[in-house]
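Trainee: Next come a sequence and a model predicted from it.
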Amino acid sequence: MLDCKYFQNLIYAFEEDKLPLKSRELFIEHLDNCKNCREELEIYYLIEYGLNDTIIRSNNVKYKPYIDVLDFKAVVESKLKDARQDIKDIKSMNNFMNLCLFSVEIIMILTIVVIMIILFF
């Protein structure tokens, strides 16, 4: 089992959306079960946004209402909810792409079978 220090070191990568899918899933799962790491993420946002008015970037407009009232627990909840939805969307897209690839393979096999039938019969 990975320890809290490992997940706390992933906070910046999570915020910058630089975690691979599996790492992001593990990170979110850990935060769902670890109050200390969730508090560390809140502290990160407190330092990142609460103490620096100029750092609110355009990609954080969605979270600005929470940041304006210094509700970093709500920022964490909202970001985790968004990350869960992103993971779900990515998995759905991956499933769709796998289905498309499988369909193409079947069509190719059927094409070869039809060609073989035409050539030899």
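Mentor: Okay, I see it. In this text the structure is predicted, and so the values were computed from the model without any measurement.
Trainee: quick one: contacts for residue 10?
Mentor: When contacts are counted by C-beta atoms under 8 Å, 6 or more residues apart in numbering, residue 10 touches 19, 23, 27. From N, CA and C alone the C-beta is placed, and that goes for glycine too.
Trainee: Let me fix that, I meant to ask about residue 46.
Mentor: With contact taken as C-beta under 8 Å, 6+ apart, residue 46 is in contact with 70, 72.
Trainee: Distance of it relative to residue 81?
Mentor: Taking C-beta to C-beta, to the nearest Å as the measure, residue 46 falls 19 Å from residue 81.
Trainee: Need the mean per-residue confidence for stretch 81-89.
Mentor: Per-region confidence: stretch 81-89 scores 94 on mean pLDDT.
Trainee: chain center to that stretch, what's the gap?
Mentor: How far stretch 81-89 lies from its chain's middle: 6 Å, per C-alpha atoms, centre = their mean, to the nearest Å.
Trainee: Which of the residues in it are classified as buried?
Mentor: If you call a residue buried by 16 or more other C-beta atoms under 10 Å, then stretch 81-89 has these buried ones: residue 83.
Trainee: Stretch 61-78 too?
Mentor: For stretch 61-78, burial by neighbour count (16+ other C-beta under 10 Å) applies to 63, 66, 67, 71, 72, 74, 75, 76.
Trainee: now stretch 16-34
Mentor: Using 16+ other C-beta under 10 Å as the burial criterion, the residues of stretch 16-34 that qualify are 19, 24, 25, 26, 27, 28, 30, 31, 34.
Trainee: okay, the fourth one: pLDDT?
Mentor: Among the per-residue scores, residue 26 holds a pLDDT of 92.
Trainee: counting contacts, what elements does the helix or strand hosting it pack onto?
Mentor: In this assignment (DSSP states H and E), residue 26 forms part of helix 21-33. Identification of packing neighbours for helix 21-33 by 3 or more C-beta pairs under 8 Å, 6 or more residues apart in numbering; DSSP states H and E yields helix 4-8, helix 11-15, helix 35-45, helix 72-120.
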